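S.K.: Okay, here's the prediction I keep looking at, along with the sequence it came from:
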Amino acid sequence: MNKGKKVHFIAIGGSAMHNLAIALKSNGYEVSGSDDEIFEPSKSNLANHHILPKNIGWFPDNITKDIDFIVLGMHARKDNPELIRAQELNIKTYSYPELIYQESQNKQRIVIAGSHGKTTITSMILHVLRHTRKKYDYLVGAKIEGYDTMVKLSDAPMIVIEGDEYLSSPIDSTSKFLHYQSHITVISGIAWDHMNVFPTFDQYKNQFQKLIDNSPKGGCIIYNEKDAELKKMLKKDIDDVLKIPYGPHSHKIKNNKSILTFDGNTYEVPFFGEHNMMNVSAAFNVCQRIGVSPEAFYSAMQTFKGASGRLQILAQNDKTFIFKDFAHAPSKVKATTEAVKKQFLDKKLVACLELHTFSSLNKDFIGNYKDTLIADTGIVFFDPHTIAHKKLPPLSKEIVQKAFNNSKLKVIDNKEELLSELNTIDLNNKALLLMSSGNFGGINLQELASELIKK
């Protein structure tokens, strides 16, 4: 029924945006798009589906009366010339979360929210659904092994959505997850993030309060019972909404392997860490609500390798492990370093963190990293060019040192110096953990790990 419907994406190069564009084209829409910069892998993915813009930039002539609707990405601005033209022509404009809702109104909507663990919990659920051959759609925030795209929209009866609290579009300040009107909601925890749009912790928490308050009758909220802020929010009764608390899954560690225990049975799994034991509990509770048996769930978990960039092994041998992780917010840094320390008790931990986000590079926020880098050797890297690009005041090494409350911390603001430092560390009987939502100033981490492991 969508054949011939025309949709134009303003800022098509974004991670979620270009995947949504591909999904709509696969469903019969006639798709076009524009952007002022498109990087890999978006560029190749769009080209492969024949929807890569011919010219880079914004062109009002792209917007014509025969377009049925616009999808507006966060990378655009309110004064975008294509957006202004669309408004002049009264063409309906959606943010991508609004469009996801429009395309899934007749489905059971499962939303995974929270300040940490969203991608992993979503990935776990998708892995189980695929394992059990159920029909489902999805929106996930990272590339998952075995999936060509991060978005799928079909005639499936359910959709699993990674729900972000960030703003929906330049003209819609609603948190994305509020658009989805979820039937089953997971909230993994609340830890202040996105200081650029939520200047105070109270403003940030308020987005989750709205999510809770907007739960539909007959809905279900599955929440982290260890999170004090979340418990406060869920203390009051909500009419006809089921509240299900969860804690870390029962498990043990043997020979550097994690083993889940349930109902007298044991299941060795390829992931580890207290935070992942919380994640697997959340996923288990969701799967129970949608009719997956415990046996099927644990059978699937034994082959779950994790989402891309989440405690991903880059290289290993008998004496050394090198991991890459997306951790960037304080709570994520602490959880990830603790996980590696506890899993590899026979090895020293070298943890290297890049400060890359707006919040992490902000002098008013950086104090939240106090005592989070739990490692035998700690390195923090930041790139002055990134700070300048985000139009933030300069950051000094002294400020970073003080914020982390670690006099032995090595603070580096130069990529070449960072490479030199990593190359001089003896990694025998050590685990090296590289954490960033960026790329350490353009370092190819896989190549670096392959070189380091040979020493």
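M.R.: Cool, got the structure. Model, not experiment: these values are computed from the prediction. Numbering: from 1, shown residues only.
S.K.: could you pull out the strands for the stretch 201-350 of the chain?
M.R.: 220-224, 242-246, 251-254, 257-262, 265-269, 312-316, 320-325, 348-355 (DSSP state E, counting those that start in this stretch).
S.K.: Any regions of this protein where pLDDT drops low?
M.R.: Flagging of the chain using pLDDT under 70 yields the residue ranges 1, 3, 308.
S.K.: just so I have it, where are all the helices in the stretch 251-400 of the chain?
M.R.: 274-289, 294-301, 330-343, 384-389, 397-404 (DSSP state H, counting those that start in this stretch).
S.K.: could you dump those to JSON lines with mean neighbour count and distance to K78?
M.R.: The way it works is simple: take the backbone N, C-alpha and C, and place the C-beta from them, glycine included. Formatted as JSON lines, the helices of the stretch 251-400 of the chain follow (neighbours: other CB atoms under 10 Å; distance: least, CB to CB, whole Å):
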{"stretch": "helix 274-289", "mean neighbour count": "23", "distance to K78": "36"}
{"stretch": "helix 294-301", "mean neighbour count": "18", "distance to K78": "44"}
{"stretch": "helix 330-343", "mean neighbour count": "22", "distance to K78": "31"}
{"stretch": "helix 384-389", "mean neighbour count": "14", "distance to K78": "20"}
{"stretch": "helix 397-404", "mean neighbour count": "17", "distance to K78": "33"}
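S.K.: closest to I190 out of the strands of the stretch 201-350 of the chain?
M.R.: If you check each of the strands of the stretch 201-350 of the chain against I190 by CB to CB, strand 220-224 wins as the nearest, at 8.7 Å.
S.K.: Report all helices and strands that that closest one contacts.
M.R.: Identification of packing neighbours for strand 220-224 by 3 or more CB pairs under 8 Å, 6 or more residues apart in numbering; DSSP states H and E yields strand 184-187, helix 228-233, strand 242-246, helix 274-289.
S.K.: okay if I get these as a markdown table plus distance to D35?
M.R.: As requested, the helices and strands packed on strand 220-224 are exported to a markdown table (distance: least, CB to CB, whole Å):
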| stretch | distance to D35 |
| --- | --- |
| strand 184-187 | 32 |
| helix 228-233 | 37 |
| strand 242-246 | 40 |
| helix 274-289 | 33 |
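S.K.: now for those, which one comes closest to F201?
M.R.: Closest to F201 of these is helix 228-233 (CB to CB; 8.7 Å).
S.K.: Centre of the chain to that closest one, how far?
M.R.: A distance of 22 Å separates the centroid of the chain from that of helix 228-233, by CA atoms, centre = their mean, to the nearest Å.
S.K.: now stretch 184-201
M.R.: With CA atoms, centre = their mean as the basis, stretch 184-201 stands 13 Å off its chain's centre.
S.K.: How about stretch 295-308?
M.R.: Per CA atoms, centre = their mean, the centroid offset for stretch 295-308 relative to its chain is 19 Å.
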